[in-house]
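> All I have is the shape, not the residue letters:
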């Protein structure tokens, strides 16, 4: 069974600092990996999707890397802003369609 | 585009009653819809997968007679929590995949259920 772990569980940084969020998974036979953002009491917004053949994906201030062989992905958020405060979820998809989610990292960016 | 809505957003009910949650794809046809449950500080757990016109497939440990899923059309799936108990209190989120492409899932805003 795929286990997805996100460390740290919570993170608080001053505005402008870069954020590094970690995700690890136990089964490296994945189809893709996705990072989501969840605001309190809300649904999920997809941020980045990395196919298993890719090493990284970038969108604006966000960059996600994937090391499938070691079962790790890292989400970098450059020059953090208070609006980046949210919970960030990592999800892996094996070769079927079911997503396995981590418990998330709750980020607080202090103004 | 690709908007998924849920109704209601919040519901409070008494123990023993049934609650129905709707999930709609507003601007696309969703052959497949997924229902997740999320407890505080925990990850989303897939409960079941529903395909339009057929019976839902439930994950191990999810009671199909308690969590009734109906995917009657290509834009609507409903989850009914029957004889709800306080331990059913949770955040329920649906997602929908357009057509036969299940790689992409669009998530609804979630429904907060509180059972007293």
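Good, I have the coordinates. Since the structure is predicted, the reported quantities are computational estimates derived from the model, not experimental observations. Numbers count the residues shown, from 1 in each chain, chains lettered A, B, ... in the order given.

> Please identify the helix or strand for the spatially most central residue of chain B.
Geometric centre of chain B, nearest residue: residue B:35, 3.6 Å, by Cα atoms, centre = their mean. Using DSSP states H and E, residue B:35 maps to strand B:30-38.

> Can you pull out the residues in contact with whichever helix or strand comes after that strand?
Next along the chain after strand B:30-38, taking DSSP H and E as the criterion, comes strand B:44-51. For strand B:44-51, contacts defined as Cβ atoms under 8 Å, 6 or more residues apart in numbering or on different chains pick out A:44, A:89, A:91, A:97-99, A:101, B:31-38, B:56-59, B:62, B:64, B:67, B:69-71, B:77, B:79, B:93. For the C-beta atoms, the positions are set from N, CA and C on the backbone; glycine is no exception.

> Flag every buried residue along strand B:44-51.
Neighbour counts over strand B:44-51 (16 or more other Cβ atoms under 10 Å in any protein chain shown) mark B:44, B:45, B:46, B:47, B:48, B:49, B:50, B:51 as buried.

> One more: stretch A:80-98?
A:80, A:84-94, A:97.

> Keep only those of those that are also close to chain B.
By Cβ under 8 Å from any Cβ of the partner chain, the members of the buried residues of stretch A:80-98 lying near chain B are A:89, A:91, A:93, A:97.

> In strands, which of these fall?
A:89, A:91, A:93 (DSSP state E).

> And residue B:111, how close does it get to residue A:42?
11 Å (Cβ to Cβ, to the nearest Å).

> for residue B:97, helix, strand, or coil?
Secondary structure, DSSP: H, G, I helix; E, B strand; the rest coil: residue B:97 is strand.

> min pLDDT across the ones next to chain B among the buried residues of stretch A:80-98, which one?
Within the set of those, pLDDT is lowest for residue A:97 (73).

> Confirm for me that that residue is in contact with residue B:95.
No - using Cβ atoms under 8 Å, residue A:97 is not in contact with residue B:95, being 10.7 Å away.

> Sheet-wise, list the partners of the helix or strand containing residue A:64 with their directions.
Using DSSP H and E, the element containing residue A:64 is strand A:62-67. When pairing is defined by DSSP bridges, strand A:62-67 lines up against strand A:56-59 (antiparallel), strand A:72-77 (antiparallel).

> from the ones you listed, which stretch is densest packed?
The highest mean neighbour count among the strands paired with strand A:62-67, using mean count of other Cβ atoms under 10 Å in any protein chain shown, belongs to strand A:72-77: a mean of 20.

> Low-confidence ranges, chain B, go.
For chain B, the stretches with pLDDT under 70 are B:1, B:99-102.

> one step back: next, the angle strand B:44-51 makes with the strand holding residue B:35.
150 degrees (axes from the mean of the first three to the mean of the last three Cα atoms, to 10 degrees).

> which ones are touching residue A:4?
Per Cβ under 8 Å, 6+ apart, neighbours of residue A:4: A:23, A:24, A:25, A:26, A:90, A:91, A:92, A:100, A:101, A:102, B:43.

> With distance to residue A:17 added, can I get those residues in a markdown table?
Converted to a markdown table, the contacts of residue A:4 look like this (distance: Cβ to Cβ, whole Å):
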| residue | distance to residue A:17 |
| --- | --- |
| A:23 | 20 |
| A:24 | 23 |
| A:25 | 26 |
| A:26 | 30 |
| A:90 | 21 |
| A:91 | 25 |
| A:92 | 27 |
| A:100 | 30 |
| A:101 | 26 |
| A:102 | 22 |
| B:43 | 26 |
